[in-house]
Structures are given as structure tokens and as C-alpha cells.
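Novice: Sequence plus predicted model, see below.
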Amino acid sequence: MNKTYLLSIALFLIPAAGLFGLNYLYLRNTGEFLSLQEIVERQQTGSGFCIYGSALHQDTIPYKLAGYAARLPQVTVIGSSLTLQYRERFFRGPFFSLSGTMDNTANGALLPSLLLAQHKPDLLLLGTDVWWFQQDVSPYRRTHLDLSDADRFTLEKVAQPFSWLLQGKISLTEYLRTALRGAPESGPCGIGVFAQERRRGSGPDGSYYYTSAITGEDLQGTSPGFLGQLDEIRENRGHFVYGTGVSQQSMDDFVHMVKELEDAGVTVVPILEPFAPKVFAEMQRHPDAYRYIDALREEFRARGIAVFDFLDPRSIGASDCEFIDGIHMGDVASARLLRALYNSSRDPHVRSLINTQEIDATIKSNAGFAMAKDQRVTNMPETDFLAIGCPKIPR
């Protein structure tokens, strides 16, 4: 009886171990088990244009801070995912994007000391999301940010490819090819599952590439017709919850962050990021629902914070076709915003660091597209991935 039981266990464990072994090989060969130090070093010093896109780790803050410390940028941007598309070529001088590190003012207030301990940039663009200040929103108030690079290899993580295969997130053919033969020796450099399979992730300058969405290969997470954001507006939920007042605690956090950076000699430029024209127009149909935004503008003035207000996409001349979804600009819209910033700013130092020549060339060659053409990232054409009739004429 005991031998039969042990044999049954063995017959179960042997194939299970084999499957876990394939998972391990797949994840190892995609670079998912590399340390952040190895990833950043490969991006900053390796040959080629290397993208990092992990399907396994929630490591945005430690990864971005590691990249910032390695690059020591003259210009940086801090904000949520709304600031992901600012590219280094849009600036004069070294640039690194800390986009995605700030999901509310509570954790944003913890960032300056971490940055200044590593390096002081000359110019910091501070992407500012209006919903951070909604009076009825109570962000989780962290006492510290987790910067550890631990637990990149756990049994739970090794099991993840089983779920991805069942959900169709990765193909069986690519899974087996990568597990058994390793990553391709030639071709674009990619670290992580998303980077290797979808060419999606962060570039060496910290900015993000939504490549698989842009090319129509993977529409998961996109919002065709902007329906996701439009529904949130109409249904009073998500990022578009209605409100009238401004959170004083959030304002205190924000002012503290700006003052700490300015006191250290950093030029800080707060920016209200724009929404897609169709989404902004829908918000305008509910003026009483978003009274807190006008109250926020008044609060900024009262607190002595000069904010560049580009919330209305008409202020930068961006079209719906230049957005990733209803709230995320593509890099062409980001170029337009920086051109508008250059035109609006009276600070010669700020203007001197914005590369208008590259920005104007990007806009001229890529107007109407979400992503500027870049052979280092992909040679596949951009599609009408938003399904709104964008004429994506080959460039």
C-alpha cells in the first residue's frame, strides 16, 4: 500500500517537475530572472536598443530609480503612466523618465529625497493627474517605498506561464521555442516576456513603448473607441469619479514635493496632462461633475504653484489618433505638449533644454500617429488600433 502510494506520488511529480522545468527555462531565457542591476547595465552599456518589459515583476519604482542612478540625467519627468511617452530625443542633454513612479501625491512626496540622494537633475517635469486631488479620494499613505530587488525567483512566479498559456497571453509555439532553444541570438534586444514577445516595455531612457498595441498585435488594455474612459465618465467611477472639492492633504503633499526639489536647486515644471479630445469633450458635457478641477486650479494659484495647464487637448493641438487611449498620450502628442511648453514658458533655462528641432521634425513626419516611427523598436506599421477611423497611411 505504501509503495503504491509513493509510486502514485512519483508519477504525478515527475511530469509536474518537467513542466515546471520548462517554465523555468522559458522565464530564464526571456531574462525574467535577471537582477535590476543586470537589466539596467545591459540597457545603459550594451549594444543595441534594449527594451525591458516584465510580465512577472511589479518593479517599476526600483527599476526606474536604478536607471536614474545609472544615467544621472540632466532632465527627468516624474508622474503616473500618463507621462510615459516623453522621449530623450525631445530634450537637449541626458534624459531619463521616472514615469509610472507616482500614482498619487502620498507616494510622490517620498520621491524627492530618494532622487536627490542619487543625483540632482537640472529640470524636472512633474506630470500632474487631476484625480490625485479629488476630495473624496483617499490614497494609501505609504511611509516608505519598497526598493528591494528580492524575490525575483519564487515557485509562484515559476508557475505563472501556466496561467499565461491558458489565458492565451503567450503562444504555445513561442513558449516551447524560447524554453528549448533560448532567446534569438540576432534581432532586437528584449528583456522580459513582454519585451521579447511583444516588443513592449521601457527603453534605455525609461520611456515606454506600447508596441504590440500600436501594431494591432495585442489590444489587451487598450480602449477601442475610448469606451472605457467614456463609460467611467458617464457612470461616475474609476479615474472620472465626480467631485467638487480639493483634498488639502493631497495639496500639502504636492507642495511639499515641489518645494523640496526647488530648495535643492531643481527647476520644477508641473504639468496638467491632456486627455484625448473625445474624452475631454465628454467631460465638458458634465460640468458640475468635475467642479473640483476648477477648484484645483484656484488652489494652485493660492499656493503659489505655477502649473502649465494642458488638460484641454486643444491647447497642444493633439488629435484622438495621437493617443494610446483616452488618457494616455502617444509620443507624438507628447512632442506637441513639449512644443506648447516651450512656447508658453518664460524660463530661458527650461526652453534651452527642449529640443524643438527634433520635436518639430517628429510632429511633421508622424502627425496623426500615436508612435513616431522608430526602426529600433519595430518595423511593423501602426494600425487604427483605437477603431475610430484613424487613417494610418504608411510612412
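Specialist: Here it is on my side, so go on. Not measured: the values here are computed from a predicted model.

Novice: number of nearby residues for Tyr24?
Specialist: Other residues lying near Tyr24 total 17 when counted by other C-beta atoms under 10 Å. Just so you know, the C-beta spots here come from the backbone N, C-alpha and C atoms, and that holds for glycine as well.

Novice: typed the wrong thing, it's Ile363
Specialist: So Ile363, with other C-beta under 10 Å, has 19 neighbours.

Novice: That one sits in which helix or strand?
Specialist: helix 356-366 (DSSP states H and E).

Novice: for that helix, packing partners?
Specialist: On a contact count with 3 or more C-beta pairs under 8 Å, 6 or more residues apart in numbering; DSSP states H and E, helix 356-366 meets helix 331-344.

Novice: tell me the angle the helix it packs on makes with helix 356-366.
Specialist: Angle between the axes of helix 331-344 and helix 356-366 is 140 degrees (criterion: axes from the mean of the first three to the mean of the last three C-alpha atoms, to 10 degrees).

Novice: Using PDB, write down the CA coordinates of the next helix or strand after helix 331-344.
Specialist: The helix or strand immediately downstream of helix 331-344 is helix 348-352, counting by DSSP H and E. Output of helix 348-352 as PDB, limited to C-alpha atoms (Å, rounded to 0.1, in the frame of the first residue of the first chain):
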ATOM      1  CA  PRO A 348      15.200  80.500 -20.700                       C
ATOM      2  CA  HIS A 349      16.700  77.600 -18.900                       C
ATOM      3  CA  VAL A 350      13.600  75.400 -19.500                       C
ATOM      4  CA  ARG A 351      13.500  76.500 -23.100                       C
ATOM      5  CA  SER A 352      17.200  75.700 -23.600                       C
END
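
Novice: could you give the mean pLDDT of helix 348-352?
Specialist: Helix 348-352 carries an average pLDDT of 96.

Novice: buried stuff in that helix?
Specialist: Applying a neighbour-count criterion of 16 or more other C-beta atoms under 10 Å, the buried positions in helix 348-352 are Val350.

Novice: So what touches that helix?
Specialist: By C-beta atoms under 8 Å, 6 or more residues apart in numbering, the surrounding residues in contact with helix 348-352 are Arg92, Asp122, Leu123, Thr267, Val269, Leu341, Tyr342, Ser345.

Novice: now do stretch 216-227
Specialist: Applying C-beta under 8 Å, 6+ apart, the contact partners of stretch 216-227 are 169, 198, 200, 212-213, 229, 276, 278-279, 320, 324-326, 380, 383, 385-388.

Novice: buried residues in it?
Specialist: Gly216, Glu217, Asp218, Thr222, Ser223, Phe226.

Novice: Check stretch 137-152 too.
Specialist: By neighbour count with 16+ other C-beta under 10 Å, stretch 137-152 contains the buried residues Pro139, Arg152.

Novice: buried ones in stretch 189-206?
Specialist: For stretch 189-206, by 16+ other C-beta under 10 Å, it's 189-206.

Novice: Ends of stretch 315-324, what's the gap?
Specialist: Chord length of stretch 315-324, first to last residue, is 18 Å (C-alpha to C-alpha, to the nearest Å).

Novice: Show me the contact partners of that stretch.
Specialist: 85, 210, 213-214, 222, 226, 274, 276-278, 309-310, 329-330, 332-333, 336-337, 339-340, 367-370, 386, 388, 390, 392.

Novice: quick one: average pLDDT of it?
Specialist: Stretch 315-324 comes out at a mean pLDDT of 97.

Novice: what are the ranges of the strands in this structure?
Specialist: 51-52, 75-79, 95-99, 123-128, 190-191, 200-202, 208-210, 267-272, 308-309 (DSSP state E).

Novice: Export those strands to JSON lines and append columns for distance to Thr244 and mean pLDDT.
Specialist: Listed next are the strands of the chain as JSON lines, based on distance: least, C-beta to C-beta, whole Å; pLDDT from 0 to 100:
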{"stretch": "strand 51-52", "distance to Thr244": "41", "mean pLDDT": "96"}
{"stretch": "strand 75-79", "distance to Thr244": "25", "mean pLDDT": "97"}
{"stretch": "strand 95-99", "distance to Thr244": "30", "mean pLDDT": "97"}
{"stretch": "strand 123-128", "distance to Thr244": "19", "mean pLDDT": "98"}
{"stretch": "strand 190-191", "distance to Thr244": "46", "mean pLDDT": "93"}
{"stretch": "strand 200-202", "distance to Thr244": "37", "mean pLDDT": "96"}
{"stretch": "strand 208-210", "distance to Thr244": "33", "mean pLDDT": "96"}
{"stretch": "strand 267-272", "distance to Thr244": "18", "mean pLDDT": "98"}
{"stretch": "strand 308-309", "distance to Thr244": "19", "mean pLDDT": "98"}
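
Novice: All good on my end, thank you.
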